[in-house]
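Colleague: have a look at this fold, sequence not included:
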C-alpha cells in the first residue's frame, strides 16, 4: 500500500514537474518489493567523498550530526565507541580524532574500501550489524547515522547495540521519521524531482517513527534521553534549492523529517 501511494505521488509530481525523469526502477520495485539501497551504496565508490555527488546530503549534514555525537561522547567520557553502518566513513572521519578507540562497522565491501583512504585511527570491520562479532559490554557508546532506516531487522540491531553497551553506555542515533513530510521531501523531492540522491536510496516503509525506536530501545533496557529534529536554518524550500552546504539546527519540537538523539543503557 505504501509503495502504491508513492507511485501515485510520483504521477502527481510528474504532472507538476514534466522534466522529472521516470523512476523506472521504483516502478519495478513496487511490483517486486526488491530494495535498491544496498546496491546504490555498494556501487558508490569514489562518489562517497564527492561533496557534490550522490552522497552530498551526508556531507551537508555532517557538521551538525558529528558535533552532536562528539559532544555527547565527550560528556559521557566514552573510551570505546562503535559506529554502525559507517558507509564511506564521512562521519567516521569526523569522530576518529576524539579521545576514544573508534570501531566502524559496515556490511558492504565497497563503502569500506571508499572509507579506508580517508581514515587514520579508526578500525574498520566488515560484518552484519544484527550479528556483531564483539563481546558483550565491550563499548561505552554505540552510534548510527543514516543507517537504521536501511537495516533488514531493526529489532535485532537495537538488541545487539544493547548487548555491547556497558551499563550506563550511550546509544546515539540519527534516522528518518515516517511522516507525510518525510515522504514528500525525502522521496518525492530529493529522489524523483531534484534527483539529489539516486532513486531507491530510501524506502518510505522503512522510515522509523521516534516512538517506535524508543519502544524498541526500552525493550532492551535503553532509556531515551533526548530527541531533536534536524531543521535547515534558512527553511526547507531554500535548503532544497541550494546544492551547496548550508547550516542546520536542532529543534526538539520539529521531528517530522530527520531526527537524532541519545539513550542510555540502564544499569
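Modeller: It's in. The structure presented is a predicted model; accordingly, all values stated were derived computationally and were not measured. Numbering: from 1, shown residues only.
Colleague: all strands for the protein, in order.
Modeller: Using DSSP state E, the strands of the chain run over residues 80-84, 101-106, 123-126, 139-145, 165-176, 222-232, 248-251, 258-265.
Colleague: can I get those in a markdown table with distance to residue 189?
Modeller: Every C-beta, even on glycine, is put in place using the N, C-alpha and C of the backbone. Output for those, formatted as a markdown table (distance: least, Cβ to Cβ, whole Å):
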| stretch | distance to residue 189 |
| --- | --- |
| strand 80-84 | 27 |
| strand 101-106 | 27 |
| strand 123-126 | 33 |
| strand 139-145 | 21 |
| strand 165-176 | 14 |
| strand 222-232 | 13 |
| strand 248-251 | 17 |
| strand 258-265 | 14 |
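Colleague: so of those strands, which one's packed in deepest?
Modeller: strand 139-145 (a mean of 27; mean count of other Cβ atoms under 10 Å).
Colleague: and the contacts of that one?
Modeller: With Cβ atoms under 8 Å, 6 or more residues apart in numbering as the contact definition, strand 139-145 has outside contacts at 65, 69, 72-73, 76-85, 91, 100, 103, 157, 161, 164-166, 169-175, 260.
Colleague: then stretch 259-267?
Modeller: 65, 68, 72, 145, 162, 165-177, 210, 214, 217, 221-230, 250.
Colleague: which residues in the chain form helices?
Modeller: Using DSSP state H, the helices of the chain run over residues 2-16, 24-32, 37-42, 56-76, 90-95, 109-115, 154-164, 180-182, 210-219, 236-241.
Colleague: residue 233 reaches residue 64, doesn't it?
Modeller: No - Residue 233 is beyond contact range of residue 64, at 9.9 Å (criterion: Cβ atoms under 8 Å).
Colleague: ok, residue 151 - contacts?
Modeller: By Cβ under 8 Å, 6+ apart, the neighbours of residue 151 are 85, 129, 130, 157.
Colleague: how far away is it from residue 50?
Modeller: Residue 151 sits 25 Å away from residue 50, going by Cβ to Cβ, to the nearest Å.
Colleague: thinking again about what came up before, let's have the strands of the chain in TSV, adding mean pLDDT.
Modeller: Formatted as TSV, these follow (pLDDT from 0 to 100):
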stretch	mean pLDDT
strand 80-84	98
strand 101-106	98
strand 123-126	98
strand 139-145	98
strand 165-176	98
strand 222-232	96
strand 248-251	93
strand 258-265	98
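Colleague: who wins for proximity to residue 38 among those strands?
Modeller: Ranking those by proximity to residue 38 (Cβ to Cβ) places strand 101-106 first, at 10.5 Å.
Colleague: in its sheet, what does that closest one sit against?
Modeller: strand 80-84 (parallel), strand 123-126 (parallel) (DSSP bridges).
Colleague: quick revisit: and the strands of the chain: which comes nearest residue 204?
Modeller: Proximity to residue 204 (Cβ to Cβ) singles out strand 165-176 among these, at 8.7 Å.
Colleague: cool, thanks, signing off.
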